[in-house]
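> no sequence for this one, just the structure:
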């Protein structure tokens, strides 16, 4: 029964096998592990009803936690744009001893488990810590304050900016800068007229990624922040405390707000990447 | 890529004082923000000497935490490895509608807060969850038990291998596979002998990253674990437990093991990057 079909198929151009198997497996695995659990969250929150949802979300403690998470992540992402650009610039352009080590260490916040980062940051910035003691002597208290939350988020967000900007910086055409210089532009002018506009999409992408990561971050923050309600409690901790009170609907409502925000940012990042890709293509196609 | 080093100062080169200033600023920033915490871990671990350190990491609870951490990674990494290869094969070797949506969906878990990654499994498998009553009726426990930890770990590490393998497989094209097929190889032979060797470095790198995150995940696992000493604690949770008990040497000692893993990951990453550059340069 199979043989006439097989001879017929052999005459056709060879196609790579395994499409049905691999796509089917991928979709099944994705659905069971990721889509179904995420859908459960949306389904459960739809059962909440508007008034109950609003009751949870407008609670002063929850509002304060979300405010802190968004503000601290935003500020930390801004700090990372400045210092991430500096680090990416130095790593992409200069040669100096120990560069390989620094380039490797940039990924430390990715590789270090967040609870380890959390206790290490608390140790460094604590009153007895190497930096905390100095800062406290100058009137800046870090541990159990919003400053501490922001510092932890700077730590966790740094690689996002460096690793999105660095490749673009390495790809920058020397010719454009040479052209700018030959037209009489100084280094500084070349930087903000030529280089900065080219790396702007990458910087924005890095900012958005660091911002999104910061809003959801838990482990590296909780030790340095002390989780004081209305003061240093971040949104993920608010979810945690609702869960500890077996208040699943409450946890779901906060999670819904945060998820909507992160998915919005994710879509923005995709758009930015498409835009920066387009920009690079445009730059390359112009003679 | 590499230019012939020129003696004269190029117009596109920064003035020397700017170079020195920027480099020093970057080194100080990285030193304060990244190296200082790293040093603090080992300093904390060895605060009471080597004996106290060795004693801390030999505690039965520490051993149990290490075992559970290894167990979670032993499930998460192979599961995501198979998925990474299957999804990369489907996405890079074929054209089909909705491909870009599928790629975006694979990235989803990265955008989800660790705490929410744990929460979704509580909403599904917790006693008040969707499948809760059924699980209770059958005397099965997922949340506050090992299966929940494995699921949450697999969820958060979900895209790590796929996102490394996919670009490499894409850049390899399909010519070599077509050639192998025309020479009479079957699908599995093509996969094992052509595709897999071509993407091996990306695959190894993906596995390293996936493993590091699997062993280090804290937030998601914290939600689904019951935090029972010597039962459902992974190493990152054990670090938290000791720290909150003011056993700082113990906490930093356990943390030093995870830091060591992170450092090995970073070195392996650098080596893998170096090798890929080399293999590209050899072509």
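Good, I have the coordinates. As the structure is a computational prediction, the values presented were derived from the model and not from experiment.
> quick one: stretch B:91-99 near chain A?
Yes. Looking at stretch B:91-99 against chain A by CB under 8 Å from any CB of the partner chain, the contacts come from B:93-94, B:96. In short, each C-beta sits where N, CA and C put it, glycine included.
> next one: that stretch to chain centre, how far?
Averaged C-alpha coordinates place stretch B:91-99 at 26 Å from its chain's average position (CA atoms, centre = their mean, to the nearest Å).
> ok, and what's touching it?
A:16, A:18-19, A:23, B:90, B:102-103, B:166, B:169-170, B:172, B:174, B:177 (CB atoms under 8 Å, 6 or more residues apart in numbering or on different chains).
> next, the buried residues of that stretch.
If you call a residue buried by 16 or more other CB atoms under 10 Å in any protein chain shown, then stretch B:91-99 has these buried ones: B:91-94.
> now do it, average pLDDT.
For stretch B:91-99, the mean per-residue pLDDT is 92.
> that one: end-to-end distance?
In stretch B:91-99, first residue to last residue: 7 Å (CA to CA, to the nearest Å).
> buried subset of the contacts of stretch B:91-99 as a PyMOL selection?
Typed into PyMOL, the next command selects the buried ones out of these (criterion: 16+ other CB under 10 Å):
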select buried, (chain A and resi 16+18+23) or (chain B and resi 90+102+103+166+169+172+174+177)
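> looking at the contacts of stretch B:91-99, which are in helices?
Where those overlap with helices, as defined by DSSP state H, the overlap consists of A:19, A:23, B:90, B:102-103, B:166, B:169-170, B:172, B:177.
> of these, closest to residue A:141?
Sorting the ones in helices among the contacts of stretch B:91-99 by how near they are to residue A:141, with CB to CB, puts residue B:103 at the top with 45.0 Å.
> so is the lowest-mean-pLDDT helix or strand in chain B next to chain A?
Least confident element among the helices and strands of chain B, by mean pLDDT, DSSP states H and E: helix B:248-282 (a mean of 83). Yes. Helix B:248-282 reaches chain A (CB under 8 Å from any CB) through B:251-252, B:255, B:258-259, B:262-263, B:265-267, B:269-270.
> cool, and stretch B:115-122?
Yes. Applying CB under 8 Å from any CB, one finds that stretch B:115-122 is in contact with chain A at B:115-116, B:119-122.
> with distance to residue A:161 as added columns, please give these in TSV.
Putting those into TSV (distance: CB to CB, whole Å) gives the following:
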residue	distance to residue A:161
B:115	24
B:116	24
B:119	28
B:120	29
B:121	31
B:122	33
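> of those, which is the most crowded?
Counting neighbours by other CB atoms under 10 Å in any protein chain shown, residue B:119 leads the residues of stretch B:115-122 next to chain A with 33 neighbours.
> mean confidence score for the helix or strand containing residue B:239?
For residue B:239, the element it lies in under DSSP states H and E is helix B:235-244. Along helix B:235-244, the predicted local confidence has a mean pLDDT of 95.
> quick one, it and helix B:248-282 angle?
Between helix B:235-244 and helix B:248-282, the angle comes out at 150 degrees (axes from the mean of the first three to the mean of the last three CA atoms, to 10 degrees).
> now for helix B:235-244, which elements pack on it?
Secondary-structure packing of helix B:235-244 (3 or more CB pairs under 8 Å, 6 or more residues apart in numbering or on different chains; DSSP states H and E): helix A:114-125, helix A:219-225, helix B:60-93, helix B:219-224, helix B:248-282.
> who touches it?
Residues lying outside helix B:235-244 but in contact with it, judged by CB under 8 Å, 6+ apart, are A:113-116, A:118-119, A:219, A:223, B:61-62, B:65-66, B:68-69, B:215-218, B:221-222, B:225, B:227, B:229, B:233, B:248, B:250-251, B:254-255, B:257-258.
> equivalent analysis for stretch B:60-75, please.
Residues lying outside stretch B:60-75 but in contact with it, judged by CB under 8 Å, 6+ apart, are B:56, B:146, B:149-150, B:153-154, B:211, B:214-215, B:217, B:221, B:229-238, B:250, B:253-254, B:257.
> any of these buried? List them.
Buried members of the contacts of stretch B:60-75, counted by 16+ other CB under 10 Å: B:56, B:146, B:149-150, B:153-154, B:211, B:214-215, B:217, B:221, B:232-238, B:250, B:253-254, B:257.
> neighbours around residue 202, how many?
Just going to use chain A. Neighbourhood size, residue A:202 [other CB under 10 Å]: 25.
> let me rephrase: I mean chain B.
For residue B:202, the tally of surrounding residues (other CB under 10 Å) stands at 23.
> SS state for it?
At residue B:202, secondary structure determined by DSSP: H, G, I helix; E, B strand; the rest coil is helix.
> buried residues, the lengthiest helix in chain A. List them.
Of all the segments assigned as helix in chain A under DSSP H, the longest by residue count is helix A:248-285. Of all the residues in helix A:248-285, those buried under the rule 16+ other CB under 10 Å are A:248-259, A:261-263, A:265-266, A:269-270, A:272-273, A:276, A:279-280.
> related to what we said a few turns ago, so which of the residues of helix B:248-282 next to chain A is the closest to residue A:135?
For those, the closest approach to residue A:135 (CB to CB) belongs to residue B:252, at 21.3 Å.
> and the closest one, how far is that from residue B:39?
Here residue B:252 is placed at a distance of 11 Å from residue B:39 (CB to CB, to the nearest Å).
> pLDDT of stretch B:129-139, averaged?
Stretch B:129-139 shows an average pLDDT of 92 in the prediction.
> so which bits of that stretch are buried?
When burial is assessed from 16+ other CB under 10 Å, stretch B:129-139 yields the following buried residues: B:129-130, B:132, B:135.
> same question for stretch B:44-62.
Residues of stretch B:44-62 classed as buried by neighbour count (16+ other CB under 10 Å): B:44-45, B:53, B:56, B:59, B:61-62.
> and residue A:238, what is it in contact with?
If you count contacts by CB under 8 Å, 6+ apart, then residue A:238 has A:61-62, A:65-66, A:254 around it.
> so can I have a markdown table of the residues you listed showing secondary structure, pLDDT and distance to residue A:156?
Compiled in a markdown table, these are given as follows (DSSP: H, G, I helix; E, B strand; the rest coil; pLDDT from 0 to 100; distance: CB to CB, whole Å):
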| residue | secondary structure | pLDDT | distance to residue A:156 |
| --- | --- | --- | --- |
| A:61 | helix | 94 | 24 |
| A:62 | helix | 95 | 23 |
| A:65 | helix | 96 | 18 |
| A:66 | helix | 95 | 18 |
| A:254 | helix | 95 | 20 |
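> give the contact list for residue B:165.
Listed by CB under 8 Å, 6+ apart, the contact set of residue B:165 reads B:84-85, B:88, B:199, B:202-203, B:206.
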